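J.: got a predicted model here, sequence first, then my questions.
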Amino acid sequence: MSVTILSVETSCDETAAAVVVDGTTVKSNIISSQVDVHRKFGGVVPEVASRKHLELVNHVIREALDEANLDFSSLDAVAVTYGPGLVGALLVGVSAAKAIAFALDKPLIGINHLEGHVSANFLSEPELALPVICLVVSGGHTDLVLITSIGQYKLLGATRDDAAGEAFDKVARVLGLGYPGGPLIDALAASGDDTAIHLPRAYLAEGSLDFSFSGLKTAVINYLHRAEQKGLPVNKADVAASFRRAAVDVLVDKTLLAARKHQISTIMLAGGVAANRLLRQEITYHAAREGKRVIYPPPVLCTDNAAMIACAAYHKYRRGDFAPLTLNAVPSLPL
Ligand code: KG4
Ligand code: ZN
């Protein structure tokens, strides 16, 4: 018997719903981005995000079912992201999913957003052999995780200050590129010289698997201030390329170090920054030299989406791991 799951994701600024069969067949994956609304503020405004989710959530769910050519009665379960994320934003999805699960008398499955990002990899490779080292790298997290089996995560290291995506967004803002900054820096960097500006790489103590990106971000800001004070021209593409290179160098080196330390031969990328072209290219190249393999989702499944939530939910469904209808949003839920 196949298992059809409707999933809802509203943890940040994308209102998303998907229908996925057996954790692998994506029947629909609807993402309504609020980026245009938040762009004029230079970042996500939590209160605005909640209101937008409320406006959009029912339409997005309807569209996910229509595109899958299914109605509510064909669903086996309803899954939803309940953390981490913005509390008001999460509550909209959690309330919608609870109402549907209650009305249909079907199981409700609560999903950790980060587990969702990791699971995007299992959508295309459900039989992937574990253990793997996963670099979860998004707007809110930069974590190195050892995954021994689905649902078993050991945190090996994390950022001590800014998340990598946050640094991309802040640097894009000071360069006047707009929001969200990651894809804009990634595109602009392609035409820049990544050796043009010397920027620091924070490796912390020897052997440390923690990250720090605030020094790198500050170094870019200081470089731009100095250029402005001296009236020197700034080549934005060179800044973008040098910054991207510095961030990617540390992400690649620490991920490979984690894999070496734990003798793991498969590396996984997850989260919005996993869409970064240089990161994908560099980690694949360096891992291959050590006989290791790297997998990552297609870009649309790296950034926030609901298909990854349905995939994570499928594995919980198989374990009978259901949530009560009292499920609440948990803004700082750990992996
Ligand atoms: O996973 P995600 O969609 O949301 C969170 O859970 O945070 O990640 C969003 C982050 C943003 O900081 C965005 O700038 C970054 O991922 N991002 C990228 C790229 N695409 C998205 N960063 C670097 N290069 C990209 N191509
Ligand atoms: Zn995310």
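T.: Ah, there it is. If you're wondering where the values come from, they're calculated on a predicted model, not measured in any experiment. Ligands and ions are numbered 1, 2, ... in the order given.
J.: and V8, that one's in a strand?
T.: Yes. Membership of V8 in a strand is supported by DSSP: H, G, I helix; E, B strand; the rest coil.
J.: surely it touches N58?
T.: No. Judged on C-beta atoms under 8 Å, V8 makes no contact with N58 at a distance of 10.4 Å. All C-beta spots, glycine's among them, are computed from the backbone N, C-alpha and C.
J.: which parts of the stretch 101-250 of the chain are strands?
T.: 108-112, 132-137, 142-149, 152-158 (DSSP state E, counting those that start in this stretch).
J.: which single residue in the stretch 51-200 of the chain comes nearest to ligand 1?
T.: Nearest residue of the stretch 51-200 of the chain to ligand 1: G182, at 2.1 Å (C-beta to the nearest ligand atom).
J.: leaving out chain neighbours, which residue sits closest to the residue in the stretch 101-250 of the chain positioned nearest to ligand 2?
T.: Nearest residue of the stretch 101-250 of the chain to ligand 2 (C-beta to the ion) works out as S138 at 4.6 Å. Excluding the flanking residues, the one nearest S138 by C-beta to C-beta, 6 or more residues apart in numbering is G271, at 3.3 Å.
J.: what parts of the stretch 51-200 of the chain come near ligand 1?
T.: Contact residues, the stretch 51-200 of the chain versus ligand 1 (C-beta under 6 Å from any ligand atom): 138-140, 165, 168-169, 180-183, 186.
J.: and with 5 Å instead?
T.: Within the stretch 51-200 of the chain, the positions near ligand 1 by C-beta under 5 Å from any ligand atom are 138-140, 165, 168-169, 180, 182-183, 186.
J.: export those as TSV, with columns for pLDDT.
T.: As requested, these are exported to TSV (pLDDT from 0 to 100):
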residue	pLDDT
S138	97
G139	95
G140	94
G165	97
F168	97
D169	96
P180	89
G182	97
P183	97
D186	98
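J.: give the buried subset of the residues you listed as a PyMOL selection command.
T.: Here is the PyMOL command that picks out the buried ones among those, judged by 16 or more other C-beta atoms under 10 Å:
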select buried, resi 138+139+140+165+168+169+180+182+183+186
